[in-house]
Structure formats: structure tokens, C-alpha cells
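Engineer: With the sequence up front, the predicted model follows.
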Amino acid sequence: MSVGECIILVMTKYQKYTWVCTSDCDALIEYTFKDGYGWPNGVMDLTCRCGTACTLLSVEDATIPYTDTPLTKEEPMETETPAVVVPDTYNSNLLVTYKVIHGYSDAEYTTDKVTSIEWDLHNARQTQKANAVLHSKIDTVKDIITEAYADSDDQETLRAIAEALDIELTRTVEWSASIEVSGTIELDLLAGYDTDIESEITDAIYAESQNGNIEITDQEVCNVSEC
């Protein structure tokens, strides 16, 4: 009886950790570890290369296919990198003349290289994102100050913070009011006495605010009658 070669495959358990970076780099980071070598329970912090703390999305079991041919320096793992196709018409040194808008003043025309315009646009986008983040934080500070101002023992400090951040200390109040209006209306006698005065008045009278701080959200004309 011949004895053949016997190969025993031991299945190893792996776990895949997935994080997302909440900064502008918007990175999705995945790590797959052999069971026991990953993050301990309750401690799964990870810092992105941009310096921002990442948010853990999921931890799930993973399977890595078995191979009896280990990778060597001569046989590196193949990775696919998506190629960026540069159009044939693209020229970073091309001079472009464009209009610079200065708001209410007269615009001007200037000439610059494509590469300089690209960086100007990139910096403008980054500045816009930074401004949005700062405005969001200022709105949060306004909510905090507005809520705490009435009961605060240090209103002077709160006013100083609001002034430094150009925050108007205001609060929104819902209101209702009644207005009594009287006047005259010319009716056509040839049309008889069937004219619906209530509809005529309701369609013609409306309220508007003469103060920019007052917003009228709803209105209704009631109790129209002939005197």
C-alpha cells in the first residue's frame, strides 16, 4: 500500500476594519488583520495621514484566499492604479485671457497661465470650504450664547464674544395680531346686487411689513361685512 502526500489546510480567521476620514481628504481606510492582531475591543482609534481622527464604520469577518505560493521580492503583489487620462489639448503653460469681476466696480481683463489659474481655483475652493466650516461653528456659538444669555451672570463676556465674531444677539418670536380695516368700494349697479363683497375685499386686501425684522408668514381676511 502506497502512502500519498497529505496537505492539511488550516483556516485562519481575519477581521476587516473600515474607517472614513471626515476632513477634506475624504479618505476611506481599510485594514485586514489576522484574528488577535487587530484593534483591541473598545480601542479602535485611527488617525488619517492628513492628521484628522477617523470614524470607524464597520468591523466584519474577512476571508483571504489560501495560496501555497508565497509572494517574494521577485513576485510583488499586483495593484491596479486607475490611470488619469490627460487630454491631448491640455497645455498647462497655455496663456489664457479672462475677465476678473470686482463686484460693483468695473471688471478688468488679465492674462495668465493655465497652471496659475488652476491653483487659484483650487485655493478658492479650499477657502470656500473653510468659510463654510467657520460659519457653521459661528452659528453654533450664536445658539449657545442666545440660549444662555438671559440667565447668565456674565452677560458682558457673552456680548464681547458675540461682537468679536460679528454675531447679532437676536431671538425669533412667533406673534399674531388683529387689524381692523374699513373703507369704501365702488360697485356696478348694472351688475345687480349679486356682487360678492366678501370675495372682492378678501382678494384685494393683504398685509405687508414695513420693517425688515418682521416676517409675515400667514394672513387671513375675516369678518367682511357691509356697514
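Structural biologist: Received, thanks.
Engineer: Which of the helices or strands spans the most centrally placed residue in the chain?
Structural biologist: A centroid search over the chain (CA atoms, centre = their mean) returns Ala132, at 8.0 Å, as the residue closest to the centre. If you go by DSSP states H and E, Ala132 is part of helix 114-149.
Engineer: and that helix, what does it pack onto?
Structural biologist: Packing partners of helix 114-149 (3 or more CB pairs under 8 Å, 6 or more residues apart in numbering; DSSP states H and E): strand 95-102, helix 155-164. Backbone N, C-alpha and C define where each C-beta goes, glycine included.
Engineer: hang on, the earlier thing: quick one, grab the pLDDT at the residue nearest to the centre of the chain.
Structural biologist: According to the prediction, Ala132 has pLDDT 90.
Engineer: what's the spacing between it and Thr55?
Structural biologist: Ala132 sits at a distance of 20 Å from Thr55 (criterion: CB to CB, to the nearest Å).
Engineer: What ranges in this protein fall below the confidence cut-off?
Structural biologist: Applying pLDDT under 70 to the chain picks out residues 1-12, 35-43, 64-82, 192-193.
Engineer: circling back: and the helices and strands packed on helix 114-149, which is most packed in?
Structural biologist: With neighbours defined as mean count of other CB atoms under 10 Å, the helices and strands packed on helix 114-149 peak in mean count at helix 155-164, which reaches a mean of 13.
Engineer: Next, count neighbours for Asp154.
Structural biologist: 9 (other CB atoms under 10 Å).
Engineer: Over to it: give its phi and psi.
Structural biologist: When read as degrees, to the nearest 10, the backbone of Asp154 gives phi -130, psi 60.
Engineer: Over to Leu57?
Structural biologist: phi -90, psi -50.
Engineer: quick one, what contacts it?
Structural biologist: For Leu57, the contacting residues are Thr18, Trp19, Val20, by CB atoms under 8 Å, 6 or more residues apart in numbering.
Engineer: try it again with 10 Å
Structural biologist: Applying CB atoms under 10 Å, 6 or more residues apart in numbering to Leu57 gives the contacts Tyr17, Thr18, Trp19, Val20, Leu28, Ile29, Glu30.
Engineer: For Leu28, see how far away it is.
Structural biologist: 8 Å.
Engineer: Common neighbours of those two, please.
Structural biologist: Thr18, Trp19, Val20.
Engineer: Buried ones among these?
Structural biologist: Thr18, Trp19 (16 or more other CB atoms under 10 Å).
Engineer: Closest one of the shared contacts of Leu57 and Leu28 to Val173?
Structural biologist: Nearest to Val173, judged by CB to CB, of the shared contacts of Leu57 and Leu28 is Val20 at 40.9 Å.
Engineer: Could you tell me the phi and psi values at the closest one?
Structural biologist: Here is the backbone geometry of Val20 (degrees, to the nearest 10): phi -130, psi 140.
Engineer: thought it was touching Ala53?
Structural biologist: No - counting by CB atoms under 10 Å, Val20 does not reach Ala53; the two are 11.1 Å apart.
Engineer: thinking again about what came up before, for Ile197, which of the helices and strands packed on helix 114-149 is the nearest?
Structural biologist: Closest among the helices and strands packed on helix 114-149, using CB to CB: helix 155-164, at 51.8 Å.
Engineer: Fine, thanks again, bye for now.
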